[in-house]
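Novice: sequence below, structure please.
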Amino acid sequence: MKKSVILKEVPRKEVQLSPEKKPKDWGNISFLLFVHVLAVLGIIWLCVHFAWQTIALGVLWFAFCGISITGGYHRLFAHRTYEAALWLRLFYLAFGAASVQNSALKWSSDHRTHHAKVDLEEDPYNIRRGFWWAQIGWVLYKNAKRDFSNVPDLLRDRLIMFQHRFYVPLAILFGAVIPYVLGVLWGDPIGALLVAGFTRLALQYHATGAVNSVAHSFGKQPYGTGNSARDHWVTAIITLGEGYHNFHHYFSWDYRNGVRWWQFDPTKWFVWILSRFGATASLKRTPWSRIDQVRRTVKKQKTV
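Specialist: Below is the predicted model of the structure:
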C-alpha cells in the first residue's frame, strides 16, 4: 500500500440517510428475542441450580466462539492476515458457526464491504445511521442478496463452502447439542444448554456489536481521522482484542489490533503462540517505522 493512501486524509462526503425502508427480517428478530429470553432463563437457572462446571463451560464456550470470530472469521478469513493449519481452520469454522453470526463466507463479505465503504451508505453497519443501528439494528432488516464478488478467494475454499452450505446444522450442533451433552456429565444438561448455549450467545452478540457501535463512537484516533473508527480499550476487553479499531482500519492487513505491549489483544497472543508450534504462519505485521510515522503525522495534523 502506498504511503499516501495511509497518510492523506480524504474528506468524506456527508450522506443524508433516508429512513430505513428495507423489509424487516422477522426470522432474525424472532431468533434474537428467543435467544435473549433463554439467556435470562440461563441466569435464573444458575441462581437456582448453581454448578461451577456449568459456569466453566459457559466461559470456555465464550472463549472458543470469541476467538473463532476474532482470530478466524475476522483476521484470518476476512483479512487474510496470516495462514492457519487445517485443524485450526476447522476449529474456527465449527465454533464460528456456534457464534451464530452467519457463515464465514457471508460474515467476511459483509466485513470487507464495511472496510471498503466505511461510514457510507453501502456500509452494512454504518454508524451514521445511529449507535443502535450499528450495534444490532442492521441485522433486523433484510439485505439485498449478496453476490460475493468481494470474496472470490473464499468461494474457492472447500472448507469455507462446506460450512456455508451446512451452517445451520453446524450452529445447532456446536452451539446447543454439544453443550447439552457435556452438561450430562455433571447432571446439569439444561443448565449447560442455557448458559453455554444462550446466555453466552447473547453476551457475545453485544460484545461483537460493540466493535461496530462503541468503537465507532468513542475513544481515540491516533492513526487517522478520515473515518469513524476509534481505539476503545473497554471494547478490546470484551472482544478479545478487537477494540483497537482505529489502528485496525488503517492497518487492516496486520494480524494485530493492539500493537503496544500493554494493549489487551489476546487474539494477537493466541495467533503468535500458535506460530511457535507451526499452527499459524506468515503473520503480517506493519513495520514500526510506518506505525510511528503515521502517529506523528496525525498528531501534527491535530495540532495545526
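Novice: every contact and neighbour count from this point should use C-alpha atoms.
Specialist: Fine.
Novice: what's near enough to touch the residue nearest to Leu283 when sequence neighbours are not counted?
Specialist: Leaving aside its chain neighbours, Leu283 sits nearest to Tyr82 (4.5 Å; criterion: C-alpha to C-alpha, 6 or more residues apart in numbering). Neighbour list for Tyr82: 75-76, 255, 280-284 [criterion: C-alpha atoms under 8 Å, 6 or more residues apart in numbering].
Novice: and the gap between Tyr82 and Leu170?
Specialist: 25 Å (C-alpha to C-alpha, to the nearest Å).
Novice: now the contacts of Tyr82 in TSV, with distance to Phe64?
Specialist: Below are the contacts of Tyr82 laid out as TSV (distance: C-alpha to C-alpha, whole Å):
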residue	distance to Phe64
Arg75	15
Leu76	15
Tyr255	18
Thr280	17
Ala281	20
Ser282	23
Leu283	21
Lys284	23
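Novice: give the PyMOL command for selecting the buried subset of these.
Specialist: Entered in PyMOL, the line below selects the buried ones among the contacts of Tyr82, by 16 or more other C-alpha atoms under 10 Å:
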select buried, resi 75+76+255+280+281+283
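Novice: closest one of the contacts of Tyr82 to Thr208?
Specialist: Comparing the contacts of Tyr82 against Thr208 with C-alpha to C-alpha places Arg75 closest, at 14.0 Å.
Novice: what's the distance between that closest one and Val234?
Specialist: For Arg75, the distance to Val234 (C-alpha to C-alpha) stands at 20 Å.
Novice: quick check, pLDDT for the residue nearest to Leu283.
Specialist: What the model reports for Tyr82 is a pLDDT of 98.
Novice: same question, the one 10 residues further on
Specialist: The model reports Tyr92 with a pLDDT of 98.
Novice: ok, Phe64 - contacts?
Specialist: So Phe64 contacts Phe95 (C-alpha under 8 Å, 6+ apart).
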